[in-house]
Structure formats: C-alpha cells, structure tokens
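1. Mind looking at a prediction? Sequence and model below.
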Amino acid sequence: MKLTLICIGNVDAEAVKHVLHGLSQAFPKIQCILSESIMSVPEDTFNQARGQYHSTRILAKTMDFVKRSEADIVLGVTAVDLYVPSLNFVFGEASSSGKVALISLFRLKPEFYGQTDDKRLFYERAVKEAVHEIGHTLGLVHCRNPSCVMFFSNSILDTDRKNSTFCKKCSTLQKGVF
C-alpha cells in the first residue's frame, strides 16, 4: 500500500517532514512518500464570510490528484484555516471513499492560541492529526478513549491530550495495516 503526502499551498517544509516520519512510524507496512507536486489552494473553496476554506471541497479537488497518481491514499497538508458547515473549524477531514484526507496546520501552531512558538508541540500536533485522518481512510471511526489518536478533537486541548498512537481496540480493528 502506498500513501502520498501532497502540499496544498505554501506549507511549512519541516512540519511536512515530521508528518511524513510520523506516518511511517504509525503505519510501518505502508510506503509513505512526499509528492514533488504542490497543489494550489483552490480559491473557489474560500468562504469570504467565514474567512475559511471549505475542507470537503478541497478534498474533492484533491481526489483528482489521486486519480493521476499511483497512490492508494493521499494526504493533503495545507496551512489555511478549514471548516465544514456544521462546525466552526476542523483540523482535518477524510473522504468517505477512503482514498483522500486533508489536514490543516493553521490551528495547530501554539501561537494561534497566544502561546509562545514551540516547534516540538506544533509538529507533534500535526502528526496526531495526520495519523487520525489516515486512520479514517482505513475505516476507523472516532474512538471513545481520550488518549487514542482516533479520539475526536473538538479543541486543541483534545489533540494535546491524546497520543499519536492507536489504542488496543483501534489497533485490533486495523490488524495487518499497522
């Protein structure tokens, strides 16, 4: 199985390296690579009133890249603020087809919350969100265990509380992939 990470817009290169490494650690049986292509942030996904980008629409446009690549799964990484209509924001989203996922680094930086710059914490959050969204592409749903990476992050506190690994139950559900 092959997972390709693609940058959508201008993205922190060091964060991308950490995400790629974290995905390789979380899914050692999946080949994780970084695409040389960079996808532009689709301007028609921007909601002027919200000042955010509609993640589901970006996912749909990322699916075109999946069709052109040899990847089984594609993870888009962007630095723009994402939303879905029913929520104020999202850290990421995965398609129901199981082929494409998306994360945003925008709200993962400590500075967004008025804290001092902390690269280690920023990279840790990015890996957690990436592993979480790829878990969805592999069929996992949200977990009730607050320390499991598949726990739903309603706020950055939830992301900070959980691990970057799967609980025993979630690991068992995806036996053979990890």
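-> Looks like it arrived, so ask away. It should be emphasised that the depicted structure is a prediction, and the values quoted were computed from it without experimental measurement.
2. which residues does residue 19 contact?
-> With contact taken as C-beta atoms under 8 Å, 6 or more residues apart in numbering, residue 19 is in contact with 5, 75, 77, 103, 123, 126, 127, 130. Where C-beta positions appear, they are placed from N, C-alpha and C, glycine not excepted.
3. Might one say that the second one is in contact with residue 131?
-> No: the pair residue 75 and residue 131 fails to qualify as a contact (C-beta atoms under 8 Å) at a distance of 9.9 Å.
4. got any residues that touch both of the two?
-> Common neighbours of residue 75 and residue 131 (C-beta under 8 Å, 6+ apart) are residue 23.
5. So which of those two has more stuff around it?
-> More crowded of residue 75 and residue 131, by other C-beta atoms under 10 Å: residue 75, with 27 against 24.
6. The more buried one bridge partners, please.
-> Legend: beta-bridge partners of residue 75 under DSSP bridges are residue 5, residue 101.
7. Helices along the chain, start to end?
-> For the chain, applying DSSP state H gives helices covering 13-26, 55-68, 119-137, 156-161, 168-173.
8. among the ones you listed, which is the most enclosed?
-> Among those, the stretch with the highest mean neighbour count (mean count of other C-beta atoms under 10 Å) is helix 119-137, at a mean of 22.
9. which residues of this structure score low on pLDDT?
-> Along the chain, the model assigns pLDDT under 70 to residues 174-178.
10. let's go with 90 and repeat that
-> 63-71, 95-98, 171-178 (pLDDT under 90).
11. Which secondary structure elements does the top strand by length along the chain sit against?
-> Longest strand in the chain, counting residues (DSSP state E): strand 31-39. The contact analysis (3 or more C-beta pairs under 8 Å, 6 or more residues apart in numbering; DSSP states H and E) places strand 31-39 against strand 2-8, helix 13-26, helix 55-68.
12. Strand 31-39 and the first one, what's the angle between them?
-> Which is strand 2-8. 30 degrees (axes from the mean of the first three to the mean of the last three C-alpha atoms, to 10 degrees).
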